Structure formats: C-alpha cells, structure tokens
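Participant: just need the structure, nothing else, for what follows:
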Amino acid sequence: MGPHQLLRDAAARQDGMITLAQALRAGLTRDQVRQLHRSGSWQRILRGCFVPGVELSDSAMRRARIRAALVSLGPSAFAVLDTALELHGIAGLRRTLLVHVSVPVDHPRPQRALAPWLIVHQVTVRPGDVAEVVGVRATSPLRTVSDVILRVDRYPAVSVLDSALNQDHLTPEQLTLMPGLIRGRRGAVAARSHLAEADGRAQSPLETRTRLRCVDGRVPPDALQLEVRDDDGYLLGVGDLGWRGPRVIAEADGRDVHGTPEAVYTDRRRQNRLVNAGWTILRFTWQDTLNPDYIPHTVRQAIAAARYRTP
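Facilitator: The predicted model follows:
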C-alpha cells in the first residue's frame, strides 16, 4: 500500500486530518509535504496538521480543526465550552467559527495565537470531568453544561439544559448536582435560576424559546408534548406546547425538522385532524421568538377567542 493510500486511510479515521509526523512515517519527505501544500493538494489547518486531497464540507472541516487543535496541543489537551457541547451533540447555542480547547493548568499555554479561530484555555478539572467523545477528549456533558450556563444568557442557558436532558446527556439527578458544581463561580446566581426552568420534554431550542416567551408573557403552557386523542383513544397528534382548557396548541416550526416536503404534508394532515377535533393550532418560527411580545400576544388572543366560542 502506497503512502498516499495510507494517509487517506488515516484521514478517514481522524475527521479528514493527518499530521506531518504521520506523513513522514508513511514514507513522504518534508519537501514532498511542502510541495503538496504549496500546490493546493493539501490544506494546512495548523502547523503540522493537514487535510489531504479532498474538499471537506464546512461541518467536516470544523471537526478536522477541532482534532488538529487537540493534536497540536498534546495528548493532555481537551475540548471545552461550546466546542465540547458541539461534540456531545447538545444544542442551544448559536454556532460560531471559534474552537475552544484547554490545556491542563500545570501545562504552559501557547504564548502566541496558533490560529484566529482557536481559543486556548487553562481549565481546572477534577477526576471524571474529562471523557472521550467521538474519538477526542472533551469535558463530560455534566461539566460542559455547568461551564456553559455560567457564561450565557437565560434563553441559551435553558435551551442547553433542555437539550442535554432531552437527549439523556444529563439526568434529572445530575441536574440537582449542578448548584454545588457552580457554587462560588462567576454567574452562579443567574445560572441557578436557569436550572429551575429546565424541562427535558422540549425537543429543540426553538421549543424552549417559545415556551420562555410564553412564560415571560404570562401565558405559560400547562403541557408540553401534549397528546390529543379522540373518544376511541386514537392519537390525533402531539402538540409542542398546549393549553388544555381552551384547547390551544402552539407548534415550534424549526426549519430542519419541518422544512422537508414530507414533513409539511405530515404537519398538514395532523393539523387538520386536530382542528376538526376542536383545537386551535398556532405555528411559530425562530424569527417570531425574537419579538418578546408577538408569541404571548398571539397565544392570548387564541385563548380569548376559544373561550368566546365555548357555549
């Protein structure tokens, strides 16, 4: 097997990235690597780290950058904060180009920036705070979420907590440990109030934001993932947020989940069944959550109209 095939196989195991050391072990010379980079056949991510031969998607390139950052900083480095959250698949934060990694506190931090997209921290961790996820080291879900909610505002903090609970990255029992984990740290007072609003039934950050807008507007839903059945027990549909008395349901229409033609047809059929059963269906998008008044005002109007219709 030739060196280029060996390196392609290595890249396939490493999110598309290889190191200079691997290239030399495969049989290439430094001059050959330099020529591959200059010709554009190989893309350099960081010093000594390359993407060979193929054009990666934005998401794949991001994974390659995360791995390259950890490789460059040594085997004791680990992903933290937003980057660790991303590796665990926990939603709730707006994606940026930055990669957050840490070296242990007893290791020197680089004196100069390695790349404009890379932020190197020195985070103090305890045993069990760092684990392997998708082949790289990162803070555990519990530690990651604890760190993140100290640094962000209420809406993203509750969204992160909801997502971690919904995907079973956190258990309700672990949630009760968080006040102790964040005690005495900057942002702990606000973060404790965010913990009280977490609800793992929310299936997306959009559902969380819609719920919080309703709470802030004093029309909180009395049910999440509300199952509506007919008199024979047949499931007509499940509503994201529900007000059972006036029979109002609010749906959070995320682009990823509801944007396909198949999802649109399914949503329409489900909505027709619910409307025929006497329910009012409201639909909200991410843009709607940016206006603090729009969602609660619309819900309040729907509740008032439903009560007016009730004999």
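
Participant: quick one: least confident helix or strand in this protein?
Facilitator: Lowest on mean pLDDT, DSSP states H and E among the helices and strands of the chain sits helix 255-258, with a mean of 56.

Participant: how about the strands of this structure, start to end?
Facilitator: 18-19, 42-46, 49-52, 78-79, 99-103, 118-122, 130-133, 136-139, 223-229, 235-243, 248-252, 280-284 (DSSP state E).

Participant: what's the neighbour count on Arg270?
Facilitator: By the criterion of other C-beta atoms under 10 Å, Arg270 has 18 neighbours. C-beta: built from backbone N, CA, C; applies to glycine.

Participant: okay, it: pLDDT?
Facilitator: pLDDT recorded at Arg270 is 82.

Participant: go on, His4?
Facilitator: 75.

Participant: if we can go back for a sec, columns distance to Leu28, mean neighbour count and mean pLDDT on top of the strands of the chain, output as a markdown table?
Facilitator: A markdown table is the format used below for the strands of the chain (distance: least, C-beta to C-beta, whole Å; neighbours: other C-beta atoms under 10 Å; pLDDT from 0 to 100):
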| stretch | distance to Leu28 | mean neighbour count | mean pLDDT |
| --- | --- | --- | --- |
| strand 18-19 | 10 | 24 | 90 |
| strand 42-46 | 10 | 19 | 91 |
| strand 49-52 | 10 | 22 | 91 |
| strand 78-79 | 29 | 26 | 98 |
| strand 99-103 | 27 | 23 | 96 |
| strand 118-122 | 26 | 17 | 95 |
| strand 130-133 | 29 | 16 | 94 |
| strand 136-139 | 25 | 23 | 96 |
| strand 223-229 | 55 | 16 | 94 |
| strand 235-243 | 54 | 21 | 93 |
| strand 248-252 | 51 | 25 | 95 |
| strand 280-284 | 55 | 19 | 95 |
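
Participant: and Pro292, which of these is closest to it?
Facilitator: Of all these, strand 280-284 sits nearest to Pro292, with 12.9 Å by C-beta to C-beta.

Participant: circling back: between the strands of the chain, which one is closest to Pro172.
Facilitator: Per C-beta to C-beta, nearest to Pro172 of those: strand 223-229, 15.0 Å.

Participant: packing partners of that closest one?
Facilitator: The contact analysis (3 or more C-beta pairs under 8 Å, 6 or more residues apart in numbering; DSSP states H and E) places strand 223-229 against strand 235-243.

Participant: what's the closest of the strands of the chain to Asn166?
Facilitator: strand 223-229 (10.1 Å).

Participant: give me the sheet partners of the closest one and which way each runs.
Facilitator: Sheet pairing of strand 223-229 (DSSP bridges) gives strand 235-243 (antiparallel).

Participant: tell me what angle the strand it pairs with forms with strand 248-252.
Facilitator: Using axes from the mean of the first three to the mean of the last three C-alpha atoms, to 10 degrees, one finds that strand 235-243 and strand 248-252 are set 90 degrees apart in direction.

Participant: residues touching strand 235-243, excluding its own?
Facilitator: Strand 235-243 has contacts (C-beta atoms under 8 Å, 6 or more residues apart in numbering) with 203, 207, 210-211, 214, 219, 221-230, 248-252, 270-271, 273-274, 277, 279, 281, 299, 303.

Participant: quick check: Ala115 touching Leu46?
Facilitator: Yes. Look at Ala115 against Leu46 with C-beta atoms under 8 Å: they come within range, at 5.9 Å.

Participant: okay, and the common contacts of these two?
Facilitator: 65, 69.

Participant: turn the strands of the chain into TSV, columns for distance to Ala198.
Facilitator: Shown next, in TSV, are the strands of the chain (distance: least, C-beta to C-beta, whole Å):
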stretch	distance to Ala198
strand 18-19	40
strand 42-46	36
strand 49-52	38
strand 78-79	23
strand 99-103	23
strand 118-122	25
strand 130-133	22
strand 136-139	19
strand 223-229	12
strand 235-243	16
strand 248-252	17
strand 280-284	21
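
Participant: which one of the ones you listed lies closest to Ile295?
Facilitator: Among these, strand 280-284 comes nearest to Ile295, with 5.7 Å by C-beta to C-beta.

Participant: chain center to the closest one: distance?
Facilitator: 25 Å (C-alpha atoms, centre = their mean, to the nearest Å).

Participant: swap in stretch 79-98?
Facilitator: Distance, centroid of stretch 79-98 to centroid of chain: 6 Å (C-alpha atoms, centre = their mean).
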